[in-house]
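> how does the following fold in three dimensions:
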Amino acid sequence: MSVGLDAWLARIEKLHPSEIELGLERVRRVAEALGAASLSMPVITVAGTNGKGSVVALTRALAAAAGRRVCVYTSPHLQRFNERITLPDGPVDDDALCAAFEQVDAARGDTALTYFEFTTLAALWLFRHSGADLAILEVGLGGRLDAVNLVDADVAVVTSVGLDHTDWLGDTREKVAVEKLGIGRAGRPLVYGEENAPANLDAELDRLKAVPLRAGREFQVEAARLSIRDGQRQRHYPLPLPPRLGADNLATACQALVAAGFPPADDAPHQVADTGLVGRCQVRRYRGVQCVLDVGHNLEALTRLRGRLPAHAGRRRLVLGMMTDKPVEAVVALFAADVDEWYLARPAVSRAADTGRLARALPESAVAHRFDSVAAALDQAVADSGAGDQVLVLGSFFTVAEALNAMDQGD
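Down below sits the predicted model:
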């Protein structure tokens, strides 16, 4: 009797007692048994605190514009697990996923794998049989000890380093940098995507013996063009302004592809300038109201979002749901002057902060409403809005996922 995708995912969630167990020994052993410890096509691995998803999306779009067949692995998903694995012809279907899970299950024997490790191995097995020209792998957490790092990257990309997941990665940017830069390999390019680098960047690159490609140094965003390092020379690309996912992310994606031996065509940045990403400053009209959804959950990401919000003529309402380990007070302070009413919700996950915690972070003068679900908060915020008003939905992947599900069901 065949097992369906939902049953597989439910089973995989129960295979390991912990949600996270960093380390490569177990997963590498299973990968070798599976025949998926390496890939036959060039690999670009992308880590970073913020900007990973945007750089992955832009790298894929640039490669596809050149006719390359691309596989992509990302996490987490928002609405369907299949979003995590893209094959050259599109998102993986349920049957192919189940077949991959069967292969991983057979190869692991009695080795306990986390949900992320199990599904990463399934993606690698699918990529091995895809006939793709290029694989793009997004790191789940950190880098050095993340399951994705079992594959030797031809090009490593670290988009940024900030303070997030400090219990696992360290409480300074320099400690976090060691973990994220750990996806680099000796003698191979490592692209670093932010000009404001941690103090130990150069020392870590030297220790890894990676070939440095640093934003603001080897490559950069100039007034109206991108300057990208290609060996000993620079390639120049006209810069479309403003790219939806950011000029810095577009430059990082171009540099990664050039380093991988797939230089984009001269007009490629213009072709992909309108590339967007679900849940990243995503604008959607729901019941006639402009809604902006963003999965950002740390201060750096949400500061960037605040500077990119579309203009609105009326009032702004904010649907907020966050996890307990995120900087609730700092996020509230960031938006406090721009929000007319707050709609506080607890996403349906155990790590979510309750609405009391969110309420205590608000200014005393704030107008706030508390709800048992994101869907209820969204519905009320939209119902309270009129022409020219704007509803923000932010604070977590889970918050945005529940809002998108509610919109799909309510349209």
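
> retrieve the pLDDT associated with the residue most central in space within the chain.
When the chain is reduced to its mean C-alpha position, the nearest residue by Cα atoms, centre = their mean turns out to be Gly53, at 3.4 Å. At Gly53, the pLDDT value in this model is 94.

> ok, Leu22 next?
64.

> give me the low-pLDDT residue ranges for the chain?
Residue ranges of the chain with pLDDT under 70: 1-2, 16-23, 163-170, 411.

> one more time with 50, if that's ok
Screening the chain residue by residue with the criterion pLDDT under 50, one finds the ranges 1.

> how does it divide into domains?
Domain assignment for the chain by automatic domain parsing gives 5-272, 282-410.

> distance from the chain centre to the last one, please.
Averaging C-alpha positions (Cα atoms, centre = their mean, to the nearest Å) puts domain 282-410 19 Å from its chain's average.

> so what does the helix or strand harbouring Leu378 touch, helix or strand wise?
Under the assignment given by DSSP states H and E, the secondary-structure element containing Leu378 is helix 374-383. Using 3 or more Cβ pairs under 8 Å, 6 or more residues apart in numbering; DSSP states H and E as the contact criterion, the secondary-structure elements in contact with helix 374-383 are strand 289-294, strand 316-320, strand 341-345, strand 368-371, strand 390-394, helix 397-410. Any C-beta I mention is one placed from the backbone N, CA and C, and that applies to glycine too.

> now do the buried residues in it.
Judged by neighbour count using 16 or more other Cβ atoms under 10 Å, the buried positions of helix 374-383 are 374-382.

> any chance of a markdown table for those residues, columns distance to Asp105?
What follows is these, written out as a markdown table (distance: Cβ to Cβ, whole Å):
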| residue | distance to Asp105 |
| --- | --- |
| Val374 | 34 |
| Ala375 | 35 |
| Ala376 | 39 |
| Ala377 | 39 |
| Leu378 | 38 |
| Asp379 | 41 |
| Gln380 | 44 |
| Ala381 | 43 |
| Val382 | 43 |
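
> closest to Asp230 out of those?
Of all the buried residues of helix 374-383, Asp230 sits closest to Val374, with 45.7 Å by Cβ to Cβ.

> ok, the closest residue to that closest one other than its chain neighbours - contacts?
If the residues on either side of it in the chain are set aside, Val374 comes closest to Glu402, at 3.8 Å by Cβ to Cβ, 6 or more residues apart in numbering. The contact partners of Glu402, by Cβ atoms under 8 Å, 6 or more residues apart in numbering, come to 321, 347-348, 373-375.

> before we move on, what about Ile85?
With contacts defined as Cβ under 8 Å, 6+ apart, Ile85 is in contact with 71-73, 91-92, 97, 122-123, 126.

> Ala345 against Leu320, yeah?
Yes - distance between Ala345 and Leu320: 7.1 Å, which falls inside the contact criterion (Cβ atoms under 8 Å).

> which one's more surrounded, those two?
Ala345 (30 against 27; other Cβ atoms under 10 Å).

> ok, that one to Tyr73 distance?
30 Å (Cβ to Cβ, to the nearest Å).

> still on that earlier bit, okay if I get the contacts of Glu402 as JSON lines plus distance to Arg108?
Putting these into JSON lines (distance: Cβ to Cβ, whole Å) gives the following:
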{"residue": "Gly321", "distance to Arg108": "35"}
{"residue": "Pro347", "distance to Arg108": "31"}
{"residue": "Ala348", "distance to Arg108": "30"}
{"residue": "Ser373", "distance to Arg108": "36"}
{"residue": "Val374", "distance to Arg108": "35"}
{"residue": "Ala375", "distance to Arg108": "37"}
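
> next, Ala135: phi, psi?
Here is the backbone geometry of Ala135 (degrees, to the nearest 10): phi -120, psi 140.

> apologies, that question was intended for Cys254.
Dihedral angles for Cys254 - degrees, to the nearest 10 - are phi -60, psi -40.

> what bridges to the nearest residue to it once chain neighbours are set aside?
Taking Cβ to Cβ, 6+ apart as the measure, Cys254 lies nearest to Ile228, with 5.1 Å between them; neighbours along the chain are not counted. Here Ile228 sits in beta bridges with Arg235, as judged by DSSP bridges.

> surely Ile228 is in contact with Arg235?
Yes - here Ile228 reaches Arg235: they are 4.5 Å apart, a contact under Cβ under 8 Å.

> so what sits against both of the two?
For the pair Ile228 and Arg235, residues contacting each of them under the criterion Cβ under 8 Å, 6+ apart are Val258.
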